[in-house]
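[1] Here's a sequence, model it:
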Amino acid sequence: MSEFIGLFMFPALLVLIAIGIPIAFSMFIVALLFGLMRFGDAAMSLFVTKTIDVSSNYVLGAIPLFIFMGAILQGSGVADRLFQAIYMWTRRLPGSLALAAMLMCTVFGAVTGIAGAVETLVGLLALPPMLKHGYDKSLISGTICAGGSLGTAIPPSITVIVLAPIANVSVGDLFAGIMLPGLLMAGLFTAYILIVSWLRPDFAPATPLEGEQPSFLEKIKVTFVALVPTVALIVTVLGTILAGVATPTEAAACGAFGALVLSALNRKLSFGMVVGALYQTLSITAMIMLIVLAGNIFAAVFYASGGMTEVKTILTDYDIAGWQAIAFVMVLAFLGGFMLDLISIVLILIPIAMPLVVSYGVNEVWFCVLFLIVLQTSYLSPPMAPSIFYLRAIAPTDLRLADMYRGVVPFIVLQVVTFLIVFIFPEVALWLPRMFYGN
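    Purely as a prediction, here's the structure:
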């Protein structure tokens with residue numbers, strides 16, 4: 001029995017989470033108790049080894065750099081100018097403000113890599129004008145929540161950077177793999193907003209055109225100043241990764257430097273702003289790295305205690321294999337999204353799932369892309385949708401939870417459609433990795 005003691009780590013973890021202990025400390029406590037029970041004092045050497053492994057992991061060094069890049073761009077006024085530039089082009093279309101918000105989420109999803117940061121930033125910019133012009137509250141809620149969730153599916157997603165080394169997949173491969181599904185999802189979201197706003201004008205009343213309208217050349221100039229530098233920064237960062245010219249950490253460093261340059265060109269760079277961005281980077285990075293360390297230690301104790309062997313035994317006893325086992329992992333990931341943050345789900349499930357994926361001959365990049373889409377769907381799904389809690393924190397009181405729950409449903413359906421497309425047509429996820437890396 002003692003050789004399979006690791007199997008009981010998950011019920012113990014759920015109990016600690018249920019009584020309110022933060023996920024990172026819950027994993028630390030469970031790993032420590034079960035490690036001592038199974039290996040005695042020798043467990044401490046495992047803890048030290050994993051701490052060294054995480055702290056010296058070169059890929060994880062990209063996390064604070066990408067967070068810093070996003071924080072600088074948020075604090076420099078780039079986001080506000082970018083929103084105005086995008087809205088200038090969408091204002092004659094049905095649902096113009098909602099379309100601008102979704103496109104803004106897509107662009108800034110490729111800047112910050114953090115879903116909550118994208119949702120908060122765009123929500124603060126887009127909520128007031130949409131409420132002012134009488135947009136349907138469910139459409140407002142669904143647009144902000146779904147758009148914010150794109151930070152998970154569009155590179156440089158922090159979740160991808162954490163997932164890749166655990167899944168033993170190249171970060172570049174996974175960035176390339178998730179790019180087309182992420183853009184496909186953003187396209188479906190945008191099309192839905194356009195169609196529903198056209199069919200139901202009362203959902204998105206037309207905004208009056210006030211004052212003298214800019215000419216086409218003036219629009220080009222404003223767009224060039226606001227949009228082109230940001231997009232160029234994104235293309236440079238992701239392009240160097242996909243082309244194999246730079247590692248994710250090197251590209252993130254270039255991105256952070258580029259954000260400082262853009263901020264200086266906008267005359268917004270100041271000591272106070274940089275200090276604020278550094279503080280934000282430190283707090284978010286500390287939280288993420290603590291969870292990553294706890295998850296690595298938890299997984300190491302689970303493996304060493306025979307947990308993976310027992311999982312395979314159970315699957316064999318119940319004749320669960322191949323796609324049944326993969327589907328079971330996906331269901332666990334979806335349900336886990338109701339009570340755990342996305343990185344914690346990755347750290348708990350991926351070490352169990354990947355040996356099964358490899359043994360069943362499933363393409364690892366394809367599986368990881370499907371896994372990320374499921375995580376993003378759980379992030380948006382009631383009743384415990386984290387995206388709704390982010391929106392609740394910045395929304396006025398007259399924007400009710402019922403509006404938010406109703407608003408996210410069509411976008412959840414579109415996420416399921418994206419999952420099915422990637423599942424049925426694997427090349428959607430595998431074409432870019434093969435083109436760039438021949439995998």
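
[2] all contacts plus neighbour counts: C-alpha atoms, from now on.
    OK.

[3] which residues of the stretch 301-439 of the chain fall in helices?
    307-317, 323-336, 342-359, 364-380, 386-394, 401-424, 427-437 (DSSP state H, counting those that start in this stretch).

[4] Run the angle between the helix or strand harbouring residue 24 and helix 342-359 for me.
    In this structure, residue 24 sits in helix 23-39 according to DSSP states H and E. If you take axes from the mean of the first three to the mean of the last three CA atoms, to 10 degrees, helix 23-39 sits at 50 degrees to helix 342-359.

[5] can you list the weak-confidence ranges in the stretch 301-439 of the chain?
    For the stretch 301-439 of the chain, the stretches with pLDDT under 70 are 307-322, 337-341, 383-385, 437-439.

[6] can you list the weak-confidence ranges in the stretch 151-300 of the chain?
    Using pLDDT under 70, the stretch 151-300 of the chain drops low at 208-216.

[7] what are the ranges of the helices in it?
    Using DSSP H, counting those that start in this stretch, helices in the stretch 151-300 of the chain cover 158-167, 171-199, 216-226, 228-242, 248-265, 271-304.

[8] mind checking how far stretch 151-170 is from the chain centre?
    9 Å (CA atoms, centre = their mean, to the nearest Å).

[9] Report the backbone C-alpha coordinates of it in PDB.
    C-alpha atoms of stretch 151-170 as PDB (Å, rounded to 0.1, in the frame of the first residue of the first chain):
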ATOM      1  CA  GLY A 151      -4.600  36.100 -23.200                       C
ATOM      2  CA  THR A 152      -4.400  32.300 -22.600                       C
ATOM      3  CA  ALA A 153      -4.600  31.300 -26.200                       C
ATOM      4  CA  ILE A 154      -2.500  33.900 -28.000                       C
ATOM      5  CA  PRO A 155       1.300  34.000 -27.700                       C
ATOM      6  CA  PRO A 156       3.200  35.000 -25.600                       C
ATOM      7  CA  SER A 157       0.800  33.300 -23.100                       C
ATOM      8  CA  ILE A 158       2.400  32.900 -19.700                       C
ATOM      9  CA  THR A 159       0.400  29.600 -19.300                       C
ATOM     10  CA  VAL A 160       2.200  28.300 -22.500                       C
ATOM     11  CA  ILE A 161       5.600  29.300 -21.100                       C
ATOM     12  CA  VAL A 162       4.800  27.300 -17.900                       C
ATOM     13  CA  LEU A 163       3.200  24.300 -19.700                       C
ATOM     14  CA  ALA A 164       5.900  23.800 -22.400                       C
ATOM     15  CA  PRO A 165       8.800  22.600 -20.200                       C
ATOM     16  CA  ILE A 166       6.600  20.400 -18.100                       C
ATOM     17  CA  ALA A 167       5.100  18.800 -21.200                       C
ATOM     18  CA  ASN A 168       8.600  18.500 -22.600                       C
ATOM     19  CA  VAL A 169       7.500  20.500 -25.600                       C
ATOM     20  CA  SER A 170       9.400  23.400 -27.200                       C
END
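
[10] Check the burial of residue 388 by counting its neighbours.
    24 (other CA atoms under 10 Å).

[11] Check the one 5 residues further on too.
    Taking other CA under 10 Å as the neighbour definition, residue 393 ends up with a count of 10.

[12] Repeat that for residue 401.
    Neighbours of residue 401 (other CA under 10 Å): 16.

[13] out of everything not next to it in sequence, what's closest to residue 423?
    Leaving aside its sequence neighbours, residue 423 sits nearest to residue 370 (CA to CA, 6 or more residues apart in numbering; 7.3 Å).

[14] thought that neighbour was touching residue 425?
    No - using CA atoms under 8 Å as the test, residue 370 is too far from residue 425 to be in contact (11.6 Å).

[15] now stretch 50-63: how far from the chain's centre is it?
    20 Å.

[16] ok, now how distant is residue 362 from residue 428?
    Look at residue 362 and residue 428: by CA to CA, to the nearest Å, they are 15 Å apart.

[17] what about the residue nearest to residue 423, neighbour count?
    Residue 370 has 23 nearby residues by other CA under 10 Å.

[18] which ones are touching it?
    Counting by CA atoms under 8 Å, 6 or more residues apart in numbering, residue 370 makes contact with 419, 422-423.

[19] now those in CSV, with neighbour count and distance to residue 63?
    Output for these, formatted as CSV (neighbours: other CA atoms under 10 Å; distance: CA to CA, whole Å):
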residue, neighbour count, distance to residue 63
419, 21, 26
422, 22, 27
423, 16, 29
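
[20] just the residues you listed now: which is nearest residue 175?
    residue 422 (15.1 Å; CA to CA).

[21] Would you confirm that that closest one contacts residue 181?
    Yes - Residue 422 lies in contact with residue 181 (CA under 8 Å); the separation is 7.1 Å.

[22] quick one: common contacting residues for the two?
    Common neighbours of residue 422 and residue 181 (CA under 8 Å, 6+ apart) are 428-429.

[23] if we can go back for a sec, which one of residue 362 and residue 428 is surrounded by more residues?
    Remark: of residue 362 and residue 428, residue 428 carries more neighbours, 19 against 15, as counted by other CA under 10 Å.

[24] Now do that one against residue 151, distance only.
    Residue 428 is 19 Å from residue 151, by CA to CA.

[25] follow-up on the earlier one: ok, the contacts of residue 370 vs residue 239, which is closest?
    Distances from residue 239 to the contacts of residue 370, taken by CA to CA, are shortest for residue 422, at 22.9 Å.

[26] Many thanks, we can stop here.
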